[in-house]
Structure formats: C-alpha cells, structure tokens
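have a look; sequence and predicted model below, questions after that.
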Amino acid sequence: MTKQDKPRRIYLKSTRTWVEVDEEFYRSYMRECDATRKRMQYHGRCVCPKNKFWLCDTDCPACEFRRTGDTLSLDSEPTDSGYSLLDTLEDPAASIEDIIADFDELSQLLHRLGELMPEAIKVGILREQGLNESSIAAELGIPRTTLRSRLAKAREQLSEEYPDIL
C-alpha cells in the first residue's frame, strides 16, 4: 500500500469520531487548519502541542488550547510614539463650533416660525401633550382646516428658507 492509497481520516471533536475522507479533501482541510493554527500561534492565541495537532478544527473560540495572546486593550500603556490606543480613537462628540452653529440656526428657525405663526409654540406644546389636530384647533379657538392650512403655509415657507433643516 502506497502513501497515497492510505485512507485519510479527520477527527470530529463534536461527535468524537473519525471520518474517512479522500486525499484532496484531507489536504485542503489540513491546509486551512494549519494556516489558522500558525496564525493563532504567532499571535500567542494558540498553545496546542504538536502531538495534539490532529484535534485542530479551526474552532478556536471553543478550543481548550486557546489563550488571549496579544489582544490589545484600550487601557494598554502608551507605545513608543507616546500615544495609547485610546488616543487614536476619533471622538464621536460634535465639536463646540458645530453645536453653536446648530443652536444659532435653530434659534433663527424658531424666531422665524414665531413670525409666520404666532401660535406655533402653543401648537407644539399641545402636540407634545398628545392632542390631535381637532383638539388643538378647539383649544386655539379656530377651525381645524384653518390650523392645517396655517401649518402647511408655515412649513412651506420655512422649507424654502431653511432647506438644510427641513
């Protein structure tokens, strides 16, 4: 029996059984296992001894030989450049300039809304309380259709003046 005629077997840890496979499948499977194991060993995440390589199935998170390795932490000490990993992260918070610009633009928008529709603030407060259009119109002492048309006109005018916001 030549080496190529020899049956190839792969161990399945999940069922604890051996499965016979053809030469081509065995080579591709072992190539993937070896590459994964070597990459994990290089980073210190695998300490599988050579006599246990047959157990490798590339399921590293479930492997008994898994270690943390060179995983970086945000709390790690600064590198040679003087920066820690945390220093290199982008701050997701808006800059103070953006906040002030947005506040100014919103203030202008609300001032203009007050000019176009003086009862707009009261309408907003009533909507926040959960009232529908009919109830809001009754509270303001105007017909519902009048309220709707005023809101539509104000919205149209503001969307022309402030296209980036509305």
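Thanks, I have the structure now. All figures in this text were calculated on a predicted structure; none of them were measured in a lab.

any chance you could map the helices in the protein?
Here the chain has its helices, by DSSP state H, at 23-42, 96-116, 120-128, 133-140, 144-161.

CSV for those, including mean pLDDT and mean neighbour count?
For every residue, glycine as well, the C-beta is placed using N, CA and C. As requested, those are exported to CSV (pLDDT from 0 to 100; neighbours: other C-beta atoms under 10 Å):
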stretch, mean pLDDT, mean neighbour count
helix 23-42, 88, 14
helix 96-116, 91, 12
helix 120-128, 91, 14
helix 133-140, 93, 16
helix 144-161, 92, 14
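
closest one to residue 16 among those helices?
Shortest distance between residue 16 and the helices of the chain, using C-beta to C-beta, is found for helix 23-42: 17.5 Å.

contacting residues around the closest one?
Residues from elsewhere that reach helix 23-42 (C-beta atoms under 8 Å, 6 or more residues apart in numbering): 4, 8, 10, 21, 46-48, 53, 56-58, 60, 66, 69.

mind saving the C-alpha coords of that helix as CSV?
Taking Å, rounded to 0.1, in the frame of the first residue of the first chain, the C-alpha atoms of helix 23-42 are listed here in CSV:
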residue,chain,number,x,y,z
GLU,A,23,-6.9,12.8,-0.3
GLU,A,24,-7.9,16.1,-1.9
PHE,A,25,-10.4,17.0,0.9
TYR,A,26,-7.9,16.0,3.5
ARG,A,27,-5.2,18.2,2.1
SER,A,28,-7.4,21.3,1.7
TYR,A,29,-8.8,20.7,5.3
MET,A,30,-5.4,20.3,6.8
ARG,A,31,-4.1,23.3,4.9
GLU,A,32,-6.8,25.5,6.4
CYS,A,33,-6.3,24.1,9.9
ASP,A,34,-2.5,24.5,9.7
ALA,A,35,-2.8,28.1,8.5
THR,A,36,-5.3,29.1,11.2
ARG,A,37,-3.3,27.4,13.9
LYS,A,38,0.0,29.0,12.8
ARG,A,39,-1.6,32.4,12.7
MET,A,40,-3.1,32.0,16.1
GLN,A,41,0.2,30.7,17.5
TYR,A,42,2.1,33.7,16.0
